[in-house]
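Student: Here is my input, please return the structure:
(one chain, ligands or ions: 2)
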Amino acid sequence: MILAIETSCDDTCAAVLDGDRLLASVVSSQTLFHARYGGVVPEVASRHHLELINTVMDEALADAGVDLGRIGRVAVTTRPGLIGALLVGVATAKTVAFATGARLVAVSHLEGHVAANYLPPGAAEPPFLCLIASGGHTSLVYVEKDRSFRTVSQTLDDAAGEALDKGARLLGLDYPGGAALDALAASGDPGFASFPVGLDRPGNFNFSFSGVKTALYYYLRDAAPALARERRADIAASYQSAVISALVKKTVAAAESLSCGLVCLAGGVSANSLLRRRLRQQSEARGIDLRIPPPGLCTDNAAMIASAARFLPDLPYPERLSLGAQATGLPV
Ligand code: KG4
Ligand code: ZN
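Tutor: Ligands and ions are numbered 1, 2, ... in the order given. Now for the predicted structure:
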């Protein structure tokens, strides 16, 4: 039985996994604390993790109906993320493992996002192509049969989630913007305005989102205020469509180029309704088997960290005593 802890950004998360049975997954969002600043304040995040982590862990164990004595392995996100936030999770995991004699497993946040796809329902078996699109990361990775990763392409500048969040902010939507933009765009016309799709050339699977963000900035600067106000949903839909088009086009094109019949989605942006819909349509039309985790497993959670840990080795003694965190580090 695995107890997993995830504190890489602004969600304090714990989960309990028994084999492939998810017994509990608790996510305590700090959104309200950061909203007044319009984004995540790292020091505020660390302090709230510290206040919340024990309660969140207790709640996950209570939901699962197990006590700490039954936990054989403790898994924790060690990279990449906000360093102070990560350290709260790492210190907690080391303490629990030391106190209970459980084994300790270090997990990359991005490996975790991909591993959400290993959980039922719809568990995927590698090899597959995976689009990882989150607030801090966007790439296409090929997951080999042994679950190791090969990076196929990545963003050259902003992450897709960052582009959605910053676009939402330009449109006057409250933080966190990605989901709010998705909701506003639902009632808009995506053909109302034309925004550029970055690196839109055949054979180029890399992403670029800085151009579309700048285009929205100039569009709103130059538009008549009344038009920008009245057609806000249409502008939101047009902007979101350009960002999502890049993700869909490149994912489908890379899958075809690699002759890969199984495609998975990972990361918070996979919760986006347009991405889910368009990628489903395109995949069906091409006979690609597409797997998308339920929205709660797409955004940050600890269930995905527990899932990844099933396929990772325990940290040996005494190295586990000096386990630390890394803000950046390797892409996965
Ligand atoms: O994976 P995640 O929860 O955290 C990071 O690892 O970054 O991803 C967060 C990103 C944010 O940029 C947020 O705007 C985006 O996921 N997101 C969404 C939706 N829900 C979360 N983007 C679009 N539509 C959504 N419904
Ligand atoms: Zn994430």
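
Student: How far does stretch 12-21 sit from its chain's centre?
Tutor: 17 Å (C-alpha atoms, centre = their mean, to the nearest Å).

Student: Show me which positions of it end up buried.
Tutor: Buried residues in stretch 12-21, counting neighbours by 16 or more other C-beta atoms under 10 Å, are found at Thr12, Cys13, Ala14, Ala15, Val16, Leu17. C-betas here are computed from N, CA, C, even on glycine.

Student: do stretch 86-100 as well
Tutor: For stretch 86-100, by 16+ other C-beta under 10 Å, it's Leu86, Leu87, Val88, Gly89, Val90, Ala91, Thr92, Ala93, Lys94, Val96, Ala97, Thr100.

Student: Against ligand 1, which of the buried residues of stretch 12-21 make the cut? List them.
Tutor: Among these, proximity to ligand 1 is found for none (C-beta under 6 Å from any ligand atom).

Student: Out of those residues, which is nearest to ligand 2?
Tutor: Of all these, ligand 2 sits closest to Cys13, with 10.2 Å by C-beta to the ion.

Student: And the furthest pair within the buried residues of stretch 12-21?
Tutor: Thr12 and Leu17 (17.7 Å; C-beta to C-beta).

Student: Give me the local confidence score for the spatially most central residue of the chain.
Tutor: Closest residue to the average C-alpha location of the chain: Gly267 at 2.4 Å, with C-alpha atoms, centre = their mean. What the model reports as pLDDT for Gly267 is 97.

Student: That one contacts Gly112, correct?
Tutor: No: with contact defined as C-beta atoms under 8 Å, Gly267 does not reach Gly112; the gap is 10.0 Å.

Student: so who does Met57 touch?
Tutor: Residues counted as contacts of Met57 (C-beta atoms under 8 Å, 6 or more residues apart in numbering) are Leu3, Ile5, Ala14, Thr92, Val96.

Student: hang on, the earlier thing: which one of the buried residues of stretch 12-21 is nearest to Asp67?
Tutor: Val16 (10.7 Å).

Student: Quick check: that closest one is in a helix.
Tutor: No: under DSSP: H, G, I helix; E, B strand; the rest coil, Val16 falls outside any helix and is assigned strand.

Student: Can you tell me the SS state at Val44?
Tutor: On the basis of three-state DSSP, Val44 is classed as helix.

Student: make that Ile5, sorry
Tutor: Classification of Ile5 by three-state DSSP places it in strand.

Student: Near it, how many other residues are there?
Tutor: 28 (other C-beta atoms under 10 Å).

Student: now it: how far from ligand 1?
Tutor: Applying C-beta to the nearest ligand atom, to the nearest Å, the value for Ile5 to ligand 1 is 15 Å.

Student: and if you look at Val96?
Tutor: Counting by C-beta to the nearest ligand atom, the gap from Val96 to ligand 1 is 23 Å.

Student: Next, that residue: phi, psi?
Tutor: Taking degrees, to the nearest 10, you get phi -60, psi -40 for the backbone angles of Val96.

Student: contacting residues around it?
Tutor: Taking C-beta under 8 Å, 6+ apart as the test, what Val96 contacts is Leu3, Met57, Leu68, Ile71, Val74, Ala102.

Student: Over to Thr78?
Tutor: Leu86, Val90, Ala106, Val107, Ser108, Leu323, Gly324, Ala325, Gln326.

Student: change it to 7 Å
Tutor: Leu86, Val90, Ala106, Val107, Leu323, Ala325, Gln326 (C-beta atoms under 7 Å, 6 or more residues apart in numbering).

Student: again, but for Ala75
Tutor: Applying C-beta under 7 Å, 6+ apart, the residues contacting Ala75 are Ile2, Ala4, Val105, Val107, Ile305, Ala306, Ala309.

Student: Next, give me the two most distant ones among those residues.
Tutor: Taking C-beta to C-beta, no two of these sit farther apart than Ile2 and Val107, at 10.2 Å.

Student: where do the contact lists of those two overlap?
Tutor: If you check Ile2 and Val107 against C-beta under 7 Å, 6+ apart, the residues they both contact are Ala75, Ala309.

Student: What is the least confident helix or strand in the chain?
Tutor: Using mean pLDDT, DSSP states H and E, the weakest-scoring helix or strand in the chain turns out to be helix 31-35, at a mean of 90.

Student: does any part of it sit near ligand 1?
Tutor: No: judged by C-beta under 6 Å from any ligand atom, helix 31-35 makes no contact with ligand 1; its nearest approach is 10.6 Å.

Student: other SSEs contacting that helix?
Tutor: helix 42-64 (3 or more C-beta pairs under 7 Å, 6 or more residues apart in numbering; DSSP states H and E).

Student: switch to 6 Å and redo it
Tutor: Packed against helix 31-35 by the contact rule (3 or more C-beta pairs under 6 Å, 6 or more residues apart in numbering; DSSP states H and E) you find no helix or strand.

Student: Name the residues that touch that helix?
Tutor: In this structure, residues lying in contact with helix 31-35 by C-beta atoms under 6 Å, 6 or more residues apart in numbering are Asp10, Val40, Val41, Val44, His48, Tyr175.
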